[in-house]
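**Q** Build the 3D model from these lines:
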Amino acid sequence: MSEVLDNIVNCNISIESPVEDSASFGTIMLIGDGPLKGGKDLKAVDKYASLAEVTDAGWQEDEAVYKAARIAFIQEHKPDLIYIAVRQETAGAAVETDDTEERLTNLEKFSETVKRVIGAAGWYGLALVGEEDTDINEVAELIESTEKIFAFSTQEEENPLTRKDYMRTFGIYSESADEYMHIAWLAEGFSYNPGSETWAYKMLKGVTASELTTRAMHSLEEENLNYYIPCAGKNITRDGKVVGGEWIDVIRFRDWLKNQMQIRIFELFIKNPKIPYLDTGITLVENQMRAALQAGQKAGGIAETEFDENDEPVEGYTVTVPRAASLSSAQRAC
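**A** Prediction:
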């Protein structure tokens, strides 16, 4: 190009790409034992798009992790991928035998594996494979301080958690520990966009519905444990609550909405050289907040505007922002 032309007209064309969002509200993380026989490219944490890839990593059909992954992939609305984290070995003491010296090894606790993977991007729902009640309690406590959810299954009508106020953990009653009903339910629930679903009345594949008495169902509901029963010729999940009593879909939608709002506002700051601390700048932030709320309303997680008996609108949400002049110097400095 002509240098003279460049001196007269300085033209720069930029290609803007959206901010990458690493959050995924439809992906499961399984934690379990590594394969008995090593496969190719087995990693401590990896994603798998099919059972064939799980087999390639070394897990065989009779191993628990394979069975759990299979349950996820055979659902009517199967996931595009799942993550699997392998519990790592911790060295033990060396002991002598008649033939050779062996080193005893132990697998790390499930809670230790969770601590290793909790910051990994790309997953939202956690499930353990081969856990005990102690593991469920320890992991539930860890998950409560995150923005993820944790599912477990139990063969008892009594909730195995010592604390009953967890808002990010939910359990489902299953008569068989080997069916991994909680994983089937995660896979099915995650197939819907946040805000568009409930977790009740879902039909699962590869698991057995429980023939429960009315008394047993009431007992489970009092414990905020969910269950899977036959009803009118179909097998369905009930009730769809976390241990703390809130609906699972409400927790998931709230996390999604927060993430949407953060991403939109962050992208606003990235794409603009300056957002002034004036009414014009506040309005730009407000617009992004409203866009996120409108997306949430469209998804079904926020009520549409309705009208009362006096034809007065009842808004599904409200947004209140301050005037720039009303903010103190201390508030502006924050």
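
**Q** Centroid-nearest residue for the protein?
**A** residue 124 (2.3 Å; C-alpha atoms, centre = their mean).

**Q** Leaving out the residues flanking it, which one is nearest to that one?
**A** Spatial nearest neighbour of residue 124, excluding adjacent residues (C-beta to C-beta, 6 or more residues apart in numbering): residue 25 at 4.9 Å. Heads up, the C-betas are built off the backbone N, CA and C, glycines and all.

**Q** Check residue 321 too.
**A** Among residues not flanking residue 321 along the chain, residue 286 sits closest, at 4.8 Å (C-beta to C-beta, 6+ apart).

**Q** Now do the SS call for that neighbour.
**A** Three-state assignment for residue 286 (DSSP: H, G, I helix; E, B strand; the rest coil): helix.

**Q** thought it was touching residue 320?
**A** No. With contact defined as C-beta atoms under 8 Å, residue 286 does not count as touching residue 320 (9.3 Å).

**Q** More neighbours: which of those two?
**A** Ranked by neighbour count (other C-beta atoms under 10 Å), residue 286 and residue 320 place residue 286 first, with 15 against 5.

**Q** and that one, how far is that from residue 114?
**A** As judged by C-beta to C-beta, to the nearest Å, residue 286 and residue 114 stand 38 Å apart.

**Q** Likewise for residue 207?
**A** Distance of residue 207 to residue 114, given as C-beta to C-beta: 24 Å.

**Q** do the same with residue 46
**A** Per C-beta to C-beta, residue 46 is found 16 Å from residue 114.

**Q** and if you look at residue 250?
**A** Counting by C-beta to C-beta, the gap from residue 250 to residue 114 is 24 Å.

**Q** which of those two has more neighbours?
**A** Comparing residue 250 with residue 114 by other C-beta under 10 Å, the one with more neighbours is residue 114, at 22 against 17.

**Q** surely that one meets residue 87?
**A** No. Contact criterion C-beta under 8 Å: residue 114 and residue 87 do not qualify, at 10.2 Å.

**Q** Could you tell me which residues touch both of these two?
**A** Jointly contacting residue 114 and residue 87 under the rule C-beta atoms under 8 Å, 6 or more residues apart in numbering are residue 31.

**Q** quick check: domain ranges of the protein?
**A** What the record gives for the chain is the domain set 28-248, 251-333, from automatic domain parsing.

**Q** okay if I get those as TSV plus mean pLDDT?
**A** Putting the domains of the chain into TSV (pLDDT from 0 to 100) gives the following:
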stretch	mean pLDDT
domain 28-248	93
domain 251-333	91
